[in-house]
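Student: take this sequence and fold it.
(chains A, B, C and D)
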4 protein chains.
Amino acid sequence: MNPLRVVVWGENVHEHTSAKVNAVYPRGMHHAIAEGLRDLLPSAAITTATLQEPEHGLTEERLAATDVLTWWGHVAHDQVKDAIVDRVQKRVLEGMGLIVLHSAHFSKIFKRLMGTSCSLTWREADERERLWVCNPGHPIARGIDRSFELPAEEMYGEPFGVPAPEEQVFISWFEGGEVFRSGCCWRRGNGRIFYFQPGHETYPTYHDRNVRRVIANAVEWARPQGTWVDAVVNAKVPVEPIRARKH
Amino acid sequence: MNPLRVVVWGENVHEHTSAKVNAVYPRGMHHAIAEGLRDLLPSAAITTATLQEPEHGLTEERLAATDVLTWWGHVAHDQVKDAIVDRVQKRVLEGMGLIVLHSAHFSKIFKRLMGTSCSLTWREADERERLWVCNPGHPIARGIDRSFELPAEEMYGEPFGVPAPEEQVFISWFEGGEVFRSGCCWRRGNGRIFYFQPGHETYPTYHDRNVRRVIANAVEWARPQGTWVDAVVNAKVPVEPIRARKH
Amino acid sequence: MNPLRVVVWGENVHEHTSAKVNAVYPRGMHHAIAEGLRDLLPSAAITTATLQEPEHGLTEERLAATDVLTWWGHVAHDQVKDAIVDRVQKRVLEGMGLIVLHSAHFSKIFKRLMGTSCSLTWREADERERLWVCNPGHPIARGIDRSFELPAEEMYGEPFGVPAPEEQVFISWFEGGEVFRSGCCWRRGNGRIFYFQPGHETYPTYHDRNVRRVIANAVEWARPQGTWVDAVVNAKVPVEPIRARKH
Amino acid sequence: MNPLRVVVWGENVHEHTSAKVNAVYPRGMHHAIAEGLRDLLPSAAITTATLQEPEHGLTEERLAATDVLTWWGHVAHDQVKDAIVDRVQKRVLEGMGLIVLHSAHFSKIFKRLMGTSCSLTWREADERERLWVCNPGHPIARGIDRSFELPAEEMYGEPFGVPAPEEQVFISWFEGGEVFRSGCCWRRGNGRIFYFQPGHETYPTYHDRNVRRVIANAVEWARPQGTWVDAVVNAKVPVEPIRARKH
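Tutor: So this is what the prediction gives:
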């Protein structure tokens, strides 16, 4: 297989407006995520893109050369141009993988692909989160123990307003009494989508060893699988097959 | 249970521009569909709405009082206003059922709820279609034999660009050599969605006894099931649960 | 619809060997479950059956006249005769609903229908359990709030060794740090199956208002839906359809 | 990744009792299947096993060293010993892939893993079969065109008495008017299962280029994915986590 081409997309706003976030992610959250991928997938080509770049860094040419895109956004979902959302959706339907991180549950691209509210409940209270593997045979759980903990995360709670996940890899327990389907897989068109819940901007989550392992596994799982590249097989088919029948 | 409130929505264009269609459906396709429902669901309240009415006949008030909406469209998908699509989507997520008929696979509302291309292949060649029940315990197949035939229909072929159906009720065989997942169920938010493939405007499909039975069954299946009416449970939850713990 | 015919099956052993269990369920756990159903489904015909009766109370005639069977077992799974398991499986495939309760995750009939280990982790520590609704539009969640609590239950933890549930209604949070998919739906043949986790014999769980509501909802959801009664459509089909074709 | 270790299991009866079958598969059907895999997966270790060998060629040691098992059987399902079925089921739950071919829909191991009747309709009439890809992004469809044909196969028709497939890769059209879900994926425990319909013993199906490609793709797809090797995580968990909490 060819080297995997991954683009790590970051909203890149909190890092410049919050000293707290900047202290945790001085080079930006996208750089921390990319660093984790470079470490665990040394043969892959990992680059980054941000909201502030022209076309948000996601030109037609670049997306055409991308196997998997990871997406983190929070306060600036509305600033993502609809034309770019159209473009990313088209590439997912063609087969590009998409890894949706934490508050990107409310990104335009995730809502577009899900067709639902993508809503949830939340609370910022420095709570312990424990992520349980409920599908130990899944490639995204490779190398992960029965569960792992994050000492402090933002709580996300059910009901999560998404279509029923096609595969459930993780379910999270929060200290305050909530649960959340924190690792979910879907297929849309030829593309694979993974949502992964941890990653609030004020916590060092993307420096965590297990979180990095899960994202790297997800990137590998989401790589294009088939030989088709048409996003849409929409064609008027000629009548000839009828006449070709022998009977 | 209260009487079921059903709105049959029709694009209502072909009937006025094609003598052939008008001959088959002189009062409009939506009236034929509504007639079938009135016959089979005598206790339900069945009304119609069309593209040409103000707000396409789908005001906030009317949708709030609708349990199940059926949708047929073909040449005028683009004329449906986005604000009405938003409104219908919101009601589906709240729990309203949606029955999507034939060429409405390309309607704005279906594409919105699926998140995919909704594309397929097609051919108009007066072909025999045979619909097979592949889920005989499903309520939508109630009263239907192992299969039923339509003497002439438009062929729709795979691949059908939709998320994997959550339940597959019918798969169709076409004389020319194609197959199609012709009866598919999904859940989105609190609402149930059924796509049913037959119904090209030039054929008397909506006068067919079995087709009418399937649509009536689907309407009953799609009625709201729960007690919740919020489309979106999106709320910041207070920190109190942590403090309430005994340990 | 005809009155719903429900059989509540109980292993009926702990009640006679443990003073603690007998104090909570003096007439047997099956009577407490049946009492809850009679209260909430007054038009249904609710009867009980136990391991100790001839044919475990599940004769061919009785099963043929049963719409939904609920099953609680724990220490005597092995005493259930294989011939009776065959018989119950056949009826589920024909369309009878099956509600599997708590430790019946290891019953012969559940393992037979799932095809997997049905294993899990557990702990008896009088822990608080909070059951979250993750599918608020589902009929089994009707009348249930966003979550409900049981002050003490046996912990059941992931991974739960079952096929991916077709619909996930509840996920549980346990005080000790575990999560569990505690309300799960599957379809097998024409029948519907619901697994519901609470119900350890030493706790008054089957006297709980919310637990009773969930079981009653599940019984209604699991009633036979279709018109078919063949468990198995296994037939050699004649060659005639080929010759009947016009082309 | 290590070389893939595949065992091709054959019932190996028809080849010795029918001159017609022997003419098509002089070395046995299992050898034709293995030959196709050796050709397309040159780095894999492909071996064969048959009903007639001690323990049907499936000792504990051999299964422990098998990544994917393919299974063809027809007239001698009942001769497969239950102890060997138990052993294969355990290995699938541990993570071994299983490819179930044609009439093996009625094998003990497939019925065990599905929990259903696995019934269908059939007809031997030398009919043309056309297999349509309905999931073009799936790795099992890699290298396959929009559809492919077999000039003559046994018809298998719906309803197919299996749990709803978790992924549907192929749906077949038969000349006589039937359809069939001919390429279906399930996950059970840590293992992946693929059922593939073509392969009646009197036709040269396992010499077909496309059929061989699908089976090779399926074998690669079904290889173990995770790091877990426990078939069953069934454990009493100590109470300690509660005491470890800080609050």
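Student: rest of the way, CA atoms for contacts and neighbours
Tutor: OK.
Student: residue A:227 against residue D:135, yeah?
Tutor: No - contact criterion Cα atoms under 8 Å: residue A:227 and residue D:135 do not qualify, at 11.3 Å.
Student: of these two, which one has the most company?
Tutor: Shown here are residue A:227 and residue D:135; by other Cα atoms under 10 Å in any protein chain shown, residue D:135 has more neighbours (25 against 17).
Student: checking the nearest residue in space to that one that is not next to it in sequence next. Helix, strand or coil?
Tutor: The shortest distance from residue D:135 to any residue that is not its chain neighbour, by Cα to Cα, 6 or more residues apart in numbering or on different chains, is 5.1 Å, and that residue is residue D:169. Following DSSP: H, G, I helix; E, B strand; the rest coil, we place residue D:169 in the strand state.
Student: wait, residue D:169 touches residue D:141, no?
Tutor: Yes - counting by Cα under 8 Å, residue D:169 touches residue D:141, with 7.0 Å between them.
Student: these two: who's more crowded?
Tutor: Using other Cα under 10 Å as the criterion, residue D:169 and residue D:141 rank with residue D:141 on top: 28 against 25.
Student: for residue D:47, see how far away the more buried one is.
Tutor: Computed with Cα to Cα, to the nearest Å, the distance linking residue D:141 and residue D:47 is 24 Å.
Student: do residue A:192 as well
Tutor: Distance from residue A:192 to residue D:47, by Cα to Cα: 33 Å.
Student: residue A:180 too?
Tutor: Between residue A:180 and residue D:47 the distance is 45 Å, computed by Cα to Cα.
Student: next, give phi and psi for the nearest residue to residue A:198 once chain neighbours are set aside.
Tutor: Leaving out its chain neighbours, the residue that sits closest to residue A:198 by Cα to Cα, 6+ apart is residue A:102, at 5.4 Å. With angles defined as degrees, to the nearest 10, residue A:102 shows backbone torsions of phi 50, psi -120.
Student: burial measure for residue A:102, as a count.
Tutor: Neighbours of residue A:102 under the rule other Cα under 10 Å: 21.
Student: list the contacts for it?
Tutor: The contact partners of residue A:102, taken as Cα atoms under 8 Å, 6 or more residues apart in numbering or on different chains, are A:72, A:195-200.
Student: which strand or helix spans the residue nearest the centre of chain A?
Tutor: The C-alpha lying nearest the average C-alpha coordinate of chain A belongs to residue A:99 (Cα atoms, centre = their mean; 1.6 Å). With elements taken from DSSP states H and E, the one containing residue A:99 is strand A:97-101.
Student: mind saving the C-alpha coords of the helix or strand following that strand as CSV?
Tutor: The helix or strand immediately downstream of strand A:97-101 is helix A:108-114, counting by DSSP H and E. The C-alpha trace of helix A:108-114 is given here as CSV (Å, rounded to 0.1, in the frame of the first residue of the first chain):
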residue,chain,number,x,y,z
LYS,A,108,-20.7,21.7,9.6
ILE,A,109,-19.1,18.7,8.0
PHE,A,110,-20.1,16.2,10.7
LYS,A,111,-23.7,17.5,10.8
ARG,A,112,-23.8,17.3,7.0
LEU,A,113,-22.7,13.7,6.9
MET,A,114,-24.9,12.6,9.8
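Student: packing partners for helix A:108-114?
Tutor: helix A:82-94, helix B:108-114 (3 or more Cα pairs under 8 Å, 6 or more residues apart in numbering or on different chains; DSSP states H and E).
Student: which of those is buried the deepest?
Tutor: Of all the helices and strands packed on helix A:108-114, helix B:108-114 carries the top mean neighbour count, a mean of 22, counting by mean count of other Cα atoms under 10 Å in any protein chain shown.
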